[in-house]
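[1] Turn this into a structure:
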Amino acid sequence: MKVACILALCLATRSSDLSLLSAKVKFLRNSCHIPLLGTRKSGSQSNFVVTRFKDPRLCPVTLIKFYLHYTKHYRQGSQNLFLGASKPFKPVSSTTIARWIKSTLSDAGVNTAVFSAHSTRAAATSFAFKKGIHLSHILLAADWSSARIFKHFYNKPIAQSNKEFSNTVLGATNNL
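    Numbering: from 1, shown residues only. I've put the predicted structure just below:
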């Protein structure tokens, strides 16, 4: 599912965190705030903020709004953002979200024998760093307390030779 993959890239987060996103999204003019349900593996964020992107096909705010509109009749009181695509339309697990992301990556031509859903975290943060986003902004976006974690585990070489984190990552599609 495209919206899950876009959010994984924009938020530099795990599928387990995406499974905790609430459907009670607060839309503002140029952004939206997505509260979390339950407790995350790590970190202190209680909600995520995503900003509008100029291309509506990639805009996380537009995609979330469309997804919520499309799924409103299937919610049946569910507070989770992501629901299964078939009856009984229950909240999905992090494993299902990871499968959706991997499928979207495959549809985009990414070799999923090499790259997994979790690869979006390293790809997004590495690309943002290469494009000049200050390390402190990357640490904040990915909810890391230490630059050592980024440098040791996530800062990967980018094969291809600024506004903000998500716009930089999504703007990469213009250079592909």
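
[2] So residue 148 lies in a strand, does it not?
    No: counting by DSSP: H, G, I helix; E, B strand; the rest coil, residue 148 falls outside a strand, being helix.

[3] Point out where the chain drops to low pLDDT.
    39-45, 157-169, 171-176 (pLDDT under 70).

[4] hey, where'd the helices end up in it?
    2-11, 15-18, 60-71, 94-107, 119-130, 135-142, 147-149, 165-171 (DSSP state H).

[5] so which of those comes closest to residue 32?
    Across those, the minimum distance to residue 32, taken as CB to CB, is reached by helix 60-71, at 5.0 Å. Heads up, the C-betas are built off the backbone N, CA and C, glycines and all.

[6] Using PDB, write out every CA atom in that closest one.
    The C-alpha coordinates for helix 60-71 follow below in PDB (Å, rounded to 0.1, in the frame of the first residue of the first chain):
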ATOM      1  CA  PRO A  60       1.600  12.100   2.500                       C
ATOM      2  CA  VAL A  61      -1.100  14.500   3.700                       C
ATOM      3  CA  THR A  62      -3.200  14.000   0.500                       C
ATOM      4  CA  LEU A  63      -2.700  10.200   0.600                       C
ATOM      5  CA  ILE A  64      -3.700   9.900   4.300                       C
ATOM      6  CA  LYS A  65      -6.800  12.100   3.700                       C
ATOM      7  CA  PHE A  66      -7.800   9.900   0.700                       C
ATOM      8  CA  TYR A  67      -7.100   6.700   2.600                       C
ATOM      9  CA  LEU A  68      -9.300   7.800   5.500                       C
ATOM     10  CA  HIS A  69     -12.100   8.900   3.200                       C
ATOM     11  CA  TYR A  70     -11.900   5.500   1.300                       C
ATOM     12  CA  THR A  71     -11.900   3.400   4.500                       C
END
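
[7] buried set for that helix?
    By neighbour count on 16 or more other CB atoms under 10 Å, the buried set for helix 60-71 is 60-64, 67-68, 71.

[8] Over to stretch 14-22?
    For stretch 14-22, by 16+ other CB under 10 Å, it's 14-22.

[9] Write down the beta-bridge partners of residue 27, one by one.
    Going by DSSP bridges, residue 27 is paired in beta bridges with residue 32.

[10] didn't it look like it was pressed against residue 62?
    No: in this structure, residue 27 is not within contact of residue 62 by CB atoms under 8 Å, at 10.3 Å.

[11] what's residue 56 in contact with, if anything?
    Residue 56 makes contact with residue 62, according to CB atoms under 8 Å, 6 or more residues apart in numbering.
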